[in-house]
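Novice: I would like to see how this sequence folds:
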Amino acid sequence: MNDPQQPKVLSKAQIEAFDRDGFIVVENAITESQLAALRNDFNVWVNESRDHQSGYGDYVNDRPRYDLAEDHKSTNPLLRRVNAPSEVSPAFDAVMRSSKMVDAVADLIGPNVKFHHDKINSKLPGAKTEVKFHQDFPFTPHSNDDIITALLMVDEVTLENGPLEVVPGSHKGPLHEIWHGGIFTGAVDDQVVVDASEKIVSCTGPAGAVCLMHTRLLHGSTANKSDRPRTLYICVYTAEDAVMLSPNPVPNQFQGDIVAGVETGRIRCTQNELQRPELPKKASFFFQQQRAGAKG
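Specialist: Purely as a prediction, here's the structure:
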């Protein structure tokens with residue numbers, strides 16, 4: 001982790017907790033007006049999805065911007081992913097660039113912070129989407145791993161509606177393989193999860209809170225078992241001196257924009273060894289995990 005300057009929003013205890021556990025939850029990471037704007041745009045997209053039977057919207061490489069779960073129906077819309085929402089929504093773009101969330105990220109890996117990609121992962125009522133355990137860094141390898149995944153809670157996240165589950169401290173352990181038998185599964189071996197099962201904790205919080213997660217942290221999530229939505233706006237930020245070693249799996253026209261500090265043009269390298277990831281050919285990595293037997 002970079003040595004941040006005087007923190008803007010995080011306490012010393014929060015920074016120490018992040019270093020120890022690999023994640024923290026910060027409440028009130030955006031303003032009420034920002035949260036209302038995000039909800040409004042997402043609800044518009046959910047209603048638009050009623051008119052579609054499969055993924056739609058121009059994105060990149062014939063991949064849809066809006067991805068629908070398998071049980072999606074006009075009467076029960078299950079919009080589960082929006083790729084690069086900052087490209088099509090000023091509200092999401094504003095939060096990605098200027099919010100308490102960004103300041104908190106800078107407190108952890110700043111002072112110079114670069115935007116990598118964003119997406120929305122949603123589990124609407126009735127969705128069966130599960131995410132098998134994995135680490136983010138093998139999907140987005142860089143020259144160093146000062147990288148944070150910021151998971152902003154657009155809805156209240158409870159134990160019942162499919163919260164993020166993490167293994168505290170796993171960011172200080174090994175990078176686990178997500179290729180198995182020559183197939184990119186996007187998930188670690190089941191035994192890794194079994195071995196860590198007693199350490200797994202759920203990340204819950206009110207709408208407007210953000211979970212800041214280290215890129216090496218082992219994590220997954222279960223299905224939404226409630227009648228309440230669980231929508232996350234996910235932004236990935238890197239230290240400015242971290243350089244991509246493989247193409248962005250969720251390309252964005254704004255990738256590389258400096259959202260805190262300045263551009264130095266320097267490259268910092270740390271030692272990591274891992275297999276090159278497979279880029280998604282469909283809407284998202286959900287399909288890669290489904291191919292390997294995950295539920296979606």
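
Novice: report the buried residues of stretch 83-99.
Specialist: Using 16 or more other CB atoms under 10 Å as the test for burial, stretch 83-99 gives 83-89, 91-92, 95-97, 99. C-betas here are computed from N, CA, C, even on glycine.

Novice: of those residues, closest to V9?
Specialist: Minimum separation from V9 among the buried residues of stretch 83-99 (CB to CB) is found for S99, which lies at 10.0 Å.

Novice: and that closest one, how far is that from T204?
Specialist: S99 is 21 Å from T204, where distance means CB to CB, to the nearest Å.

Novice: next: E16.
Specialist: 21 Å.

Novice: so who does the closest residue to V60 other than its chain neighbours touch?
Specialist: Nearest residue to V60, sequence neighbours excluded (CB to CB, 6 or more residues apart in numbering): P251, at 5.2 Å. P251 is in contact with V60, A84, H117, counting by CB atoms under 8 Å, 6 or more residues apart in numbering.

Novice: how about the closest residue to Y66 other than its chain neighbours, what does it touch?
Specialist: Leaving aside its sequence neighbours, Y66 sits nearest to G57 (CB to CB, 6+ apart; 4.6 Å). Shown in contact with G57 (CB under 8 Å, 6+ apart): P64, R65, Y66.

Novice: doesn't G57 belong to a strand?
Specialist: Yes - looking at G57 with DSSP: H, G, I helix; E, B strand; the rest coil, it is inside a strand.

Novice: roughly how far out does the strand or helix carrying N40 sit from the chain middle?
Specialist: Per DSSP states H and E, N40 falls inside helix 32-49. When distances are taken as CA atoms, centre = their mean, to the nearest Å, helix 32-49 is centred 18 Å away from the chain's centroid.

Novice: can you pull the buried residues of that helix?
Specialist: Within helix 32-49, the residues scored as buried using 16+ other CB under 10 Å are Q34, L35, A37, L38, R39, D41, F42, W45, V46, S49.

Novice: what is that helix packed up against?
Specialist: Packing partners of helix 32-49 (3 or more CB pairs under 8 Å, 6 or more residues apart in numbering; DSSP states H and E): strand 64-68, strand 79-83, helix 90-97.

Novice: that older thread, of E16 and T204, who's got more company?
Specialist: T204 (18 against 12; other CB atoms under 10 Å).

Novice: would you confirm that the more buried one contacts N161?
Specialist: No - look at T204 against N161 with CB atoms under 8 Å: they stay out of range, at 9.1 Å.

Novice: for stretch 166-182, the distance to its chain's centre please.
Specialist: 16 Å.

Novice: hmm, what's the outermost residue in the chain?
Specialist: Farthest-out residue of the chain from its mean C-alpha position, per CA atoms, centre = their mean: T75, at 28.1 Å.

Novice: which pLDDT value belongs to that one?
Specialist: Note on T75: pLDDT of 95.

Novice: three-state assignment of it?
Specialist: Per three-state DSSP, T75 ends up coil.

Novice: now render the contacts of P251 as JSON lines, adding pLDDT and distance to V259.
Specialist: Formatted as JSON lines, the contacts of P251 follow (pLDDT from 0 to 100; distance: CB to CB, whole Å):
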{"residue": "V60", "pLDDT": "91", "distance to V259": "22"}
{"residue": "A84", "pLDDT": "98", "distance to V259": "15"}
{"residue": "H117", "pLDDT": "98", "distance to V259": "13"}
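
Novice: so who does the residue positioned nearest the centre of the chain touch?
Specialist: Nearest residue to the geometric centre of the chain (CA atoms, centre = their mean): I234, 4.1 Å. I234 makes contact with D118, K119, I120, N121, T149, A150, L151, L152, according to CB under 8 Å, 6+ apart.
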